[in-house]
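Student: my questions concern the predicted model and sequence given below.
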Amino acid sequence: MITARGITKCYDALTALKGIDIHIDKGEVVSVMGPSGAGKTTLLQIVGTLERPTSGSLTVAGTDPLSLNAKALAAFRNRTIGFVFQFHQLLPEFTAVENVMMPALIGGTDFRSVEREAKRLLSYFGLDSRIAHKPSELSGGEKQRVAVARALINRPSIILADEPSGSLDSKNRTELHRLFFDLRDEFGQTILIVTHDESLACMSDRTVRMSDGMIVG
């Protein structure tokens, strides 16, 4: 599902990635661990097509995203990849269901079918009673479940998560970790997670360890 070869990323005098090779199979849940500054988030952003590598090759879901123009790349990203961030990144002026609908509406899907699917996902995550609530009215765990539902609305083949449980308490953290594996079993997604949480890494199919811009284990 994801193959990166010889990926480097330079920012002026700083080399953030130094020749990364990684292969992730369909349906795998893979954690990426390492100290701050190891290059974990940079790798995630390149795999997610949010940044371009300085050099190297990348294949995501059978496509070379580096060969696409900006419009085609945005469309590919929208339908293929779902993102979950540490601080959920929900839009404060919109309700839970509206936040979940947003990626599908951007992709041009019919409003009524998107609304129906968004409500189904929120119900799946036990948020039936919170559909009309805005982010300020939701708990930390509820916000992150809304964010996961938003990542799933276009039924992407890949979920990328950057410290998804970093802002949660231990109870919500455990529930979110279990949720990723339920999603893989239910929907068949390939999931790549950047985390500092050893318990999540232990649950994963595989853990990739990074240091100083390189994979070290």
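Tutor: Structure's in. What do you need? Numbering: from 1, shown residues only.
Student: buried residues, the helix or strand bottoming out on mean pLDDT in the chain. List them.
Tutor: Lowest on mean pLDDT, DSSP states H and E among the helices and strands of the chain sits helix 170-187, with a mean of 79. Neighbour counts over helix 170-187 (16 or more other Cβ atoms under 10 Å) mark 172, 173, 175, 176, 177, 179, 180, 183, 184 as buried. Heads up, the C-betas are built off the backbone N, CA and C, glycines and all.
Student: now it, how far from the chain's geometric center?
Tutor: 13 Å (Cα atoms, centre = their mean, to the nearest Å).
Student: which element follows that helix toward the C-terminus?
Tutor: Next along the chain after helix 170-187, taking DSSP states H and E as the criterion, comes strand 190-194.
Student: please name the strands paired to that following strand in the sheet, noting orientation.
Tutor: Applying DSSP bridges, strand 190-194 is found paired with strand 29-33 (parallel), strand 158-162 (parallel).
Student: columns mean neighbour count on top of those, output as TSV?
Tutor: Formatted as TSV, the strands paired with strand 190-194 follow (neighbours: other Cβ atoms under 10 Å):
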stretch	mean neighbour count
strand 29-33	23
strand 158-162	23
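Student: can you add distance to residue 13 and give those strands back as TSV?
Tutor: Shown next, in TSV, are the strands paired with strand 190-194 (distance: least, Cβ to Cβ, whole Å):
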stretch	distance to residue 13
strand 29-33	25
strand 158-162	25
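Student: now those strands as JSON lines including mean pLDDT and distance to residue 46?
Tutor: Formatted as JSON lines, those follow (pLDDT from 0 to 100; distance: least, Cβ to Cβ, whole Å):
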{"stretch": "strand 29-33", "mean pLDDT": "93", "distance to residue 46": "12"}
{"stretch": "strand 158-162", "mean pLDDT": "91", "distance to residue 46": "10"}
